[in-house]
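> I'll drop the sequence and a predicted model, then ask my questions.
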Amino acid sequence: MGQLAVGGVFAVIEEFVGSRTELFVAIVVIVGTVGAAAIVYRWLRQSNGERFRGLLADQEAVAVLLHPNPDPDAMASATAIAALAAQVDTEVTIQYPGQIRHQENRAFRTVLDLELDNIEHVTDLAAESVVLVDHNSPRGFTGAEGILPLAVIDHHPGEGTGELFTDVRTDYGACASIVAEYFEDIGAVPVPADQHASETGAKYVLPSAAATGLLYGILSDTKDLTVGASAVDFEAASYLHPGVDGDKLDRIANPEVDAEVLEIKARAIAGRRIEGSFAVSDVGTVSNADAIPQAADEIIRLEGVTAVVIAGEKDGTIHLSGRSRDDRVHMGQVLESVTDGISNASAGGHARMGGGQIAPQPQLSDGGEPIGTDTVPREALIDRLFASMSGEI
């Protein structure tokens, strides 16, 4: 109800009740309550996409924050949000901590010509309003723990929430599927690669680059819609299809392979330890930590292997990456239980895949001065991984 309409209602009420103040106040309260209820009702009937569009439109500037070392799902979700923000005149900066080193991730960024800013400290954030995508708790840079995000959009388990908007759907295979649904909610038209947005005649559009990125984000996080995918992921892919640039999609999906990645895969295969249908492999020291999950993807394909964890060390930090196609092994929980109680460790993930890190623990002298670092014994860690996959811990 507009301001003029509300004012007209109150004028009629005032004329009717005259000087009976108590009656006037009572009627005003009733009308105000009904008006508020109508607003709430309209808001509740809105889809998440409509609510998120409205939230973006209310901001002058937003920082869309990715998790450390972002993957295609995270980058695609952020890029699409930036495309939506541009259509409601909101300035967006996409930011991330860590590095983009995985060849697939580098190809994704290069082919789609993405503008992403690296950050190391909370003061590097481009705006006070922060939107988290593909994770629900800020991490990976100094001061991250002090951030209260405006909005959170994610498909991973976690307790992080946004101040005004939280959309965490763990039954979705990719965050990109959630964001694609937002565009569908508001009637946005995917723009074909050979067409200009103005030719669609639509109020809202999904640019071809954003549609291509979202589709690849879905394919990447669900192993081409074969692992962890639900009906909504297939529906999102179908919606995106008209706007996908097939040439760019192929270039992203088939990047050149780094020689070290092949070497680490070979180390993982040759050095694997097998117990039953479970495998663990320690690939030693690596310069590219992104090669560790790629090795896990390779080992899980071996005949007879239903769950695998790969361990590797970079700059003193042990990186863990696990995969499972065994209903008895929830990989995220396995890695959580293995790192539980270990200082400077964190881990988690889904039933089918998970990851974790164990940073070195400082050694202190009797006077409290640092004299070195303690690391987790690797053989003991491997034994613990097998015990956890077997359900013994």
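Thanks, I have it.
> so which residues of the stretch 101-250 of the chain form strands?
Counting by DSSP state E, counting those that start in this stretch, the stretch 101-250 of the chain has strands at residues 117-118, 130-133, 151-154, 165-168, 189-190, 205-206.
> any weak-confidence spans in the stretch 51-200 of the chain?
Of all residues in the stretch 51-200 of the chain, none has pLDDT under 70.
> relative to Glu235, which of the strands of the stretch 101-250 of the chain is closest?
Glu235 lies closest, by CB to CB, to one member of those: strand 189-190, at 13.5 Å. C-beta coordinates here come from the backbone N, C-alpha and C atoms, glycine included.
> buried residues in stretch 322-340, which are they?
Within stretch 322-340, the residues that qualify as buried are 322-326, 329-339, counting by 16 or more other CB atoms under 10 Å.
> Ala259: which of the strands of the stretch 101-250 of the chain is closest?
Nearest to Ala259 among those is strand 117-118 (25.2 Å), distances taken as CB to CB.
> residues in contact with that closest one?
With contact meaning CB atoms under 8 Å, 6 or more residues apart in numbering, strand 117-118 is reached by Thr93, Ile94, Gln95, Tyr96, Pro97, Gly98, Gln99, Asp124, Ala126.
> before we move on, back to that, got TSV for the strands of the stretch 101-250 of the chain, with mean neighbour count and distance to Ser177 too?
Shown next, in TSV, are these (neighbours: other CB atoms under 10 Å; distance: least, CB to CB, whole Å):
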stretch	mean neighbour count	distance to Ser177
strand 117-118	12	25
strand 130-133	27	12
strand 151-154	25	11
strand 165-168	19	12
strand 189-190	22	14
strand 205-206	27	13
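> as JSON lines, those with distance to Leu262 would be great.
Formatted as JSON lines, the strands of the stretch 101-250 of the chain follow (distance: least, CB to CB, whole Å):
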{"stretch": "strand 117-118", "distance to Leu262": "27"}
{"stretch": "strand 130-133", "distance to Leu262": "31"}
{"stretch": "strand 151-154", "distance to Leu262": "32"}
{"stretch": "strand 165-168", "distance to Leu262": "36"}
{"stretch": "strand 189-190", "distance to Leu262": "36"}
{"stretch": "strand 205-206", "distance to Leu262": "36"}
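> of all these, which lies closest to Ala229?
Distance to Ala229, taken as CB to CB, is lowest for strand 151-154 among the strands of the stretch 101-250 of the chain, at 16.8 Å.
> quickly run through the sheet partners of that closest one, with directions.
Sheet pairing of strand 151-154 (DSSP bridges) gives strand 130-133 (parallel), strand 165-168 (parallel).
> and the host helix or strand of Val283, what's buried?
Using DSSP states H and E, Val283 maps to strand 278-285. By 16+ other CB under 10 Å, the buried positions in strand 278-285 come out as Phe278, Ala279, Val280, Ser281, Asp282, Val283.
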